[in-house]
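J.: what follows is a protein structure lacking sequence information:
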């Protein structure tokens, strides 16, 4: 019996890096923080006009300040679809006493998690797990982050940047186990994170190579979606796409977001504004 490749399996909305704050624009970086409220509202209007399984924001909901969540989260409440989040580096640009409460503020089940829709499993990573900014100064992960960063600096790595991060060993083992179980259960896996892991770039996670090697070692892996690099990016490893979505905060008035439709043999990205549209094979 021939496989039906015309009927979508699922469809979801993507927003990357709204990075809202009630502050003046950073003209040199072309970032217009306060404008993201209007851009996000416009994106949700488009999302509300179609059937979606969920809307995912790929991190950096805010640029800074705990109170920024009070202004941007009500915009998400206008969505008729389920809204999901993952953590970006700027989401931790809050007072130290709030660092442990960011995921809870966003209604997340944890700093990293997974969920399934039919035979598709979505794996949501916390690339800030071991970083110089996401935990109090006395947390052992902060010292580990400094150690990892110093090694990369000594190697001259392009992603040896304080605004990147990495997975803890605990999270890496969790990811490995989720992939192993998905493979055994016959699921297809799409991984979502804030930081890119491929192609090589200054914005990539510190441990991007081992993550890429792990994921592409599983035949159930179908692709990796992220933000963080506001210019966007794209690459493929063994026929599997790695997509970096452009940052909503950039430019005073041009928006960027996407609707992703998953078919049995491909993923189609419908880009809006500055975001590119793509049709990508997914292997398997």
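T.: Right, received. Where do you want to start? These numbers come from a predicted model, not from an experiment.
J.: once you drop chain neighbours, what's closest to residue 265?
T.: Spatially, and ignoring its direct neighbours in sequence, residue 265 is nearest to residue 5 (4.9 Å; Cβ to Cβ, 6 or more residues apart in numbering). Heads up, the C-betas are built off the backbone N, CA and C, glycines and all.
J.: cool, residue 194 as well?
T.: Spatial nearest neighbour of residue 194, excluding adjacent residues (Cβ to Cβ, 6+ apart): residue 59 at 3.2 Å.
J.: go ahead and confirm the one you found touches residue 17.
T.: Yes. Here residue 59 reaches residue 17: they are 6.9 Å apart, a contact under Cβ atoms under 8 Å.
J.: quick check: neighbours shared by those two?
T.: 88, 227-228 (Cβ atoms under 8 Å, 6 or more residues apart in numbering).
J.: got a list of what the residue nearest to residue 194 touches?
T.: Counting by Cβ under 8 Å, 6+ apart, residue 59 touches 16-17, 85-91, 193-194, 227-228.
J.: just the buried residues of these.
T.: Buried members of these, scored by 16 or more other Cβ atoms under 10 Å, are 16-17, 85-91, 193-194, 227-228.
J.: keep only those of the residues you listed that are in strands.
T.: If you go by DSSP state E, those have residue 85 in strands.
J.: ok, the residue nearest to residue 265 touching residue 263?
T.: Yes. Assessed by Cβ under 8 Å, residue 5 is found in contact with residue 263 at 5.7 Å.
J.: so between those two, which is more surrounded?
T.: Comparing residue 5 with residue 263 by other Cβ atoms under 10 Å, the one with more neighbours is residue 263, at 17 against 9.
J.: for that one, give its distance to residue 120.
T.: Separation of residue 263 from residue 120 (Cβ to Cβ, to the nearest Å): 11 Å.
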